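# need coordinates for the following:
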Amino acid sequence: MTVTMLILLTLLIWRLQTHHLEQNHLELSRALESARDSISARLEADEGFLKVLTEQLASGTLIASEFEHLAENYLAERPRLTAIYFIKADHTVLWIVPEEYKNEAQEISQTISEHVTAINQTNETGALTYSRPHVGLSGTQCFDLYVPTPEGSRLTGIMVASYNSRSLLRNTMDRSTIQAYQTELCGGAGQIIYSTPKVAQVDNRLVNEITLLRPDNGLKLRLSKYRAPFWDQQTVALMTICIALIGGMGLGMWALSKQIAERVSAEKALQDANAELEHRVLERTNELSIINHRLAREIAERLEIEEQSRRHMDQLAQMGRVSMMGEMAAGLAHELHQPLGAISSYIKGCQRILEQPSPDVKRIAYAVDNVNTQSRRAAEIIDRLRTFLTPKPPCKQPHNLRTLIDESEHLIEPDRKRIQIKLETDIPPNTPTVMVDRVQIQQVIINLLKNAFESVQARGSDDRLVSIGASLNGGPDIRVDVCDTGIGCSLEELQLIFEPFKSTKAENMGMGLPISRTIIEAHEGRLWATRNQDHGMTFSFTIKVVNHNGSV
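Next up, the predicted model:
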């Protein structure tokens with residue numbers, strides 16, 4: 001069995017090596033074709049640009065300044081090009097970018113055999129030509145592209161683009177290809193024109209070359225794969241592990257029989273231990289069952305206590321509303337007296353008109369309309385009072401905050417008029433919907449406004465102003481502020497105003513603010529107070545807004 005495993009392991013390693021080499025050959029071919037296509041595409045684009053320049057020159061629309069502008073912009077984005085220049089028919093350089101290469105280009109055009117040969121060939125054929133590699137303008141290996149400029153049946157000159165072989169490879173080929181392969185640009189006779197720096201030893205089995213489609217001067221691109229040894233540390237470690245495993249198989253079989261006997265003995269001991277454990281688990285289960293029953297009873301008692309506490313708080317809130325309306329009774333009676341008095345006056349007027357020989361129907365209709373208006377006004381006041389005072393279980397529903405504040409202001413309006421305090425409201429028009437118990441939140445708003453009125457009245461100043469506003473703080477809730485110009489309170493009193501039966505007014509029980517805070521906290525909000533810099537206090541609370549999907 002061991003020998004068979006070793007043979008299979010050897011065959012597997014040989015197959016992996018063969019497959020690895022085939023994959024590398026395939027990747028090399030693809031990299032060569034991709035690099036050739038990339039170089040050809042760049043050269044083809046440069047041919048198009050030079051043809052445009054020659055066409056403009058032949059038509060007489062290209063001047064020296066325009067040539068310099070176009071050539072400079074083109075060279076700035078294409079580092080593979082060293083220079084672009086125009087040679088007249090007598091081999092004289094007329095225009096060149098960059099200008100610093102003009103004398104060197106003039107000399108090369110008349111002395112470098114590859115350059116002269118390509119110029120003569122372009123003059124003879126009138127076709128686009130590439131020169132063979134030679135030492136170029138910047139002293140590096142390069143080749144040139146020649147595009148003739150015809151004028152009728154003769155040539156006026158040649159537009160030349162000089163390529164830097166090094167920059168052509170580095171700025172045209174993919175970076176991953178340059179990192180994985182030794183890249184060489186070779187001439188038609190196999191001589192190396194340019195070679196990227198060698199960073200590792202190459203694999204002589206993975207060397208391939210291809211003739212470039214452009215330029216058509218016999219240049220070839222050669223790629224040599226950097227050696228990546230198959231027998232790396234991971235492979236050696238894997239082989240060592242496999243051999244160790246195979247060797248250990250024999251020892252394992254010998255030890256197996258010994259372990260079987262030991263296991264039988266251990267299983268017997270384990271069975272005895274399991275029996276003992278089951279007995280202890282049964283005892284512990286009975287104990288936990290008793291504890292669970294006790295805990296369930298305690299939870300039920302706690303829930304009952306919490307429910308009783310909630311009912312007591314609701315009753316206390318109801319009493320607070322009744323007490324608040326009792327304090328406001330004089331103002332509410334006056335508010336009701338006005339529409340009722342008006343109704344009585346209009347009815348008496350109707351009676352007098354009807355007693356006349358020819359009753360004026362229009363005056364009677366006018367009086368009846370006013371009676372209807374005043375009766376609705378009185379009914380609205382009574383309806384708001386009945387809604388505010390009717391005891392019912394808390395029910396959170398979506399409500400418009402602006403509407404809640406407006407209704408609260410209507411309820412406390414008689415008190416405000418009686419003590420002559422100015423009330424300002426600043427509620428944004430896009431105030432979102434809130435999920436609240438309508439009566440409870442109105443109780444909080446009325447209590448804060450009533451406290452503010454009393455504080456302003458106690459100060460006795462001409463600055464009798466109370467303001468209520470709402471603002472979004474960017475979170476999931478909205479903030480409401482009630483600000484007054486009253487007498488305020490000291491720092492010591494500020495620490496106690498939310499405590500039950502603690503009040504700065506001798507005639508108050510001190511339960512309004514504690515009830516208000518309990519209501520706000522039941523709505524997952526917060527109620528607090530701050531002293532104003534000049535006069536008075538600001539009471540603020542937050543409540544959750546309703547999202548677009550209806551959730552809080």
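
# how far away is Asn274 from Glu267?
According to C-beta to C-beta, to the nearest Å, Asn274 and Glu267 sit 10 Å apart. Placement of C-beta: from N, CA and C, glycine included.

# same check, this time on Thr4
34 Å.

# Arg294 too?
From Arg294 to Glu267 the distance is 40 Å (C-beta to C-beta).

# equivalent analysis for Ser65, please.
100 Å.

# and Gln141, by the same measure?
For Gln141 relative to Glu267 (C-beta to C-beta), the value is 82 Å.

# now Ile84
Between Ile84 and Glu267 the computed distance is 90 Å (C-beta to C-beta).

# the more surrounded of those two?
Ile84 (26 against 10; other C-beta atoms under 10 Å).

# in its sheet, what does the helix or strand hosting that one sit against?
If you go by DSSP states H and E, Ile84 is part of strand 81-88. According to DSSP bridges, strand 81-88 forms sheet pairs with strand 93-97 (antiparallel), strand 154-164 (antiparallel).

# among these, which is nearest Cys186?
strand 154-164 (15.2 Å; C-beta to C-beta).

# which parts of the closest one are buried?
Leu155, Thr156, Gly157, Ile158, Met159, Val160, Ala161, Ser162, Tyr163, Asn164 (16 or more other C-beta atoms under 10 Å).

# among the residues you listed, which one has the lowest pLDDT?
pLDDT across these is lowest for Leu155, at 58.

# now do the helices in the stretch 1-150 of the chain.
2-59, 64-76, 102-111, 113-125 (DSSP state H, counting those that start in this stretch).

# out of those, which gets nearest to Leu404?
Short answer: helix 64-76, nearest of the helices of the stretch 1-150 of the chain by C-beta to C-beta, at 67.8 Å.

# how about the closest one as CSV, C-alpha atoms only?
What follows is helix 64-76 as a C-alpha-only set of coordinates in CSV (Å, rounded to 0.1, in the frame of the first residue of the first chain):
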residue,chain,number,x,y,z
ALA,A,64,3.9,77.1,-37.5
SER,A,65,2.2,78.2,-34.3
GLU,A,66,-0.7,75.9,-34.8
PHE,A,67,1.7,73.0,-35.5
GLU,A,68,3.6,73.7,-32.3
HIS,A,69,0.4,73.9,-30.3
LEU,A,70,-1.0,70.6,-31.7
ALA,A,71,2.3,68.8,-31.4
GLU,A,72,3.1,69.9,-27.8
ASN,A,73,-0.4,68.8,-26.6
TYR,A,74,0.0,65.4,-28.4
LEU,A,75,3.5,64.8,-27.0
ALA,A,76,2.5,65.7,-23.5
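
# how far off centre is it?
Put simply, helix 64-76 sits 44 Å off its chain's centre (C-alpha atoms, centre = their mean, to the nearest Å).

# list of residues touching that helix?
Helix 64-76 is contacted by residues Phe49, Leu53, Gln56, Leu57, Leu81, Ala83, Ile84, Phe86, Trp95, Val97, Pro98 when judged by C-beta atoms under 8 Å, 6 or more residues apart in numbering.

# ok, stretch 83-98 next?
50, 53, 57, 64, 67-68, 71-72, 74-75, 101-102, 105-106, 109-110, 116, 119, 123, 137, 149, 155-162.

# quick one, which of the residues you listed are buried?
Neighbour-count burial (16+ other C-beta under 10 Å) applied to the contacts of stretch 83-98 gives 50, 53, 57, 67-68, 71, 74-75, 101-102, 105-106, 109, 119, 123, 137, 149, 155-162.

# the strands in the stretch 201-350 of the chain, which residues?
202-211, 220-226 (DSSP state E, counting those that start in this stretch).

# most tightly packed of the ones you listed?
strand 220-226 (a mean of 19; mean count of other C-beta atoms under 10 Å).

# show me what that one packs onto, helices and strands only.
Contacts defined by 3 or more C-beta pairs under 8 Å, 6 or more residues apart in numbering; DSSP states H and E place strand 220-226 against helix 2-59, helix 175-180, strand 181-186, strand 202-211.

# how about the strands paired with strand 81-88 in a markdown table, adding distance to Lys417?
What follows is these, written out as a markdown table (distance: least, C-beta to C-beta, whole Å):
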| stretch | distance to Lys417 |
| --- | --- |
| strand 93-97 | 89 |
| strand 154-164 | 93 |
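
# of all those, which lies closest to Pro476?
strand 154-164 (63.5 Å).

# need the residues that contact that closest one.
Under C-beta under 8 Å, 6+ apart, the answer for strand 154-164 is 46, 50, 53-54, 57-58, 79-89, 94, 105, 119, 122-123, 126, 136-138, 140, 142-150.

# and what of stretch 200-219?
21, 24-25, 28-29, 32-33, 36, 39-40, 43-44, 47, 130-133, 143, 145, 182, 185-188, 193, 220-228.
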